[in-house]
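Chemist: Provided below for reference: sequence and predicted model.
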Amino acid sequence: MADEAPAKLIQIGPKGGAKKDGFNLVTERVVAVNPEAKQVEVELLAYDGKTVLLDVDEEALEELKQLKVGDGATIRVIEEGGRRVAKSFRIRPKDPTAARADAMLLDLKDTHWLNRKYAAEILGELKEGRAVKPLVEALTDEVGDVRQRAYDSLIKIGGAAVSSLVPLLVSEEDELRQSVTEIIRKIGKPAVEPLATALAEADDRLKTRILKVLDRMGYKPKAKDEEKAEVPRLT
């Protein structure tokens, strides 16, 4: 029986480089690697969160073993017998900053307070947006040094942290409520727009607290906006 002819899809290769049959599959990250089963699962860069499981050709098994979960890769894929088979990999190591942030997000939940303290500090230096909610939670950590580092880091992250802080302006815990108020004040101007947006949806109790914070920051809603109960235009 004649061999089934592979689909003639042209690889996107380096400029001036040799072209091969197949096509390039560019991944966001490697999800799972299974050399024994000769398979790899990858998340696709071009499709939000979609993953695909690929069979791996014998000639690419050594390259497969070099892949690590979290890596990105460009994979040359051939269609054979109705299957898509990975023929070669070009590894794109994970961005070192993102890798460090991932490690610090894990350490922020570590049982040892020194690890939590260091993680909270580094996440602020990285201005890592994914750290906002964990850092807000760390404001109630049992260790004062961890709470302080979370406080400082939320200020560094800035306006992106405000929407997660606003609900705590009406916390029953005095220390937490005061900390959140001071964080927002120290964020300063970048906090004004998120506060104004939150004001439009707040209940009366929270609205009073937001207006008080804005007043202490030197911003007052225009009277006509208050009368219309619209999002305040702040002067």
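Modeler: Received it, and whenever you're ready, just let me know what you need. Residues are numbered from 1 along each chain as shown.
Chemist: Confirm residue 91 sits in a helix?
Modeler: No - with DSSP: H, G, I helix; E, B strand; the rest coil as the criterion, residue 91 is located in strand rather than a helix.
Chemist: what's the distance between it and residue 63?
Modeler: Counting by CB to CB, to the nearest Å, the separation of residue 91 from residue 63 is 8 Å. Quick note: C-beta positions are derived from backbone N, CA and C, even for glycine.
Chemist: Equivalent analysis for residue 153, please.
Modeler: Using CB to CB, residue 153 is found at 39 Å from residue 63.
Chemist: Between those two, which is the more surrounded one?
Modeler: Neighbours per residue (other CB atoms under 10 Å) separate residue 153 from residue 63, with residue 153 holding more: 26 against 19.
Chemist: how many other residues sit next to residue 209?
Modeler: The local packing of residue 209 (other CB under 10 Å) involves 19 other residues.
Chemist: Skipping adjacent residues, who's closest to it in space?
Modeler: Spatial nearest neighbour of residue 209, excluding adjacent residues (CB to CB, 6 or more residues apart in numbering): residue 169 at 4.1 Å.
Chemist: just checking, the one you found touches residue 213?
Modeler: Yes - assessed by CB atoms under 8 Å, residue 169 is found in contact with residue 213 at 6.7 Å.
Chemist: can you give me the helices in the protein?
Modeler: Here the chain has its helices, by DSSP state H, at 61-66, 96-107, 113-126, 132-138, 144-157, 162-165, 174-187, 192-201, 204-216, 223-227.
Chemist: Could you tell me the least trusted of these?
Modeler: The stretch with the lowest mean pLDDT among these is helix 223-227, at a mean of 48.
Chemist: could you measure residue 67 against residue 143, distance?
Modeler: 39 Å.
Chemist: do residue 53 as well
Modeler: With distances taken as CB to CB, residue 53 is found 44 Å from residue 143.
Chemist: Quick one: list the elements packing against the longest strand seen in the chain.
Modeler: Under DSSP state E, the strand in the chain containing the largest number of residues is strand 23-34. Using 3 or more CB pairs under 8 Å, 6 or more residues apart in numbering; DSSP states H and E as the contact test, the elements touching strand 23-34 are strand 39-44, strand 51-56, strand 72-80.
Chemist: same for the longest one, what does it pack against?
Modeler: Read it as strand 72-80. Applying 3+ CB pairs under 8 Å, 6+ apart, we find strand 72-80 packed against strand 23-34, strand 39-44, strand 83-92.
Chemist: Buried residues, that strand. List them.
Modeler: Residues of strand 72-80 classed as buried: 72, 73, 74, 75, 76, 77, 78, 79 (neighbour count, 16 or more other CB atoms under 10 Å).
Chemist: Just send these back as a markdown table, with pLDDT and distance to residue 200 too.
Modeler: Output for those, formatted as a markdown table (pLDDT from 0 to 100; distance: CB to CB, whole Å):
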| residue | pLDDT | distance to residue 200 |
| --- | --- | --- |
| 72 | 84 | 40 |
| 73 | 85 | 45 |
| 74 | 84 | 46 |
| 75 | 88 | 47 |
| 76 | 87 | 52 |
| 77 | 88 | 49 |
| 78 | 88 | 55 |
| 79 | 86 | 53 |
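Chemist: Distance to residue 184 added to those, as CSV?
Modeler: Output for those, formatted as CSV (distance: CB to CB, whole Å):
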residue, distance to residue 184
72, 37
73, 42
74, 44
75, 46
76, 51
77, 50
78, 56
79, 55
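Chemist: partners of the longest strand of the chain in the sheet?
Modeler: As defined by DSSP bridges, the strand partners of strand 23-34 come to strand 39-44 (antiparallel), strand 72-80 (antiparallel).
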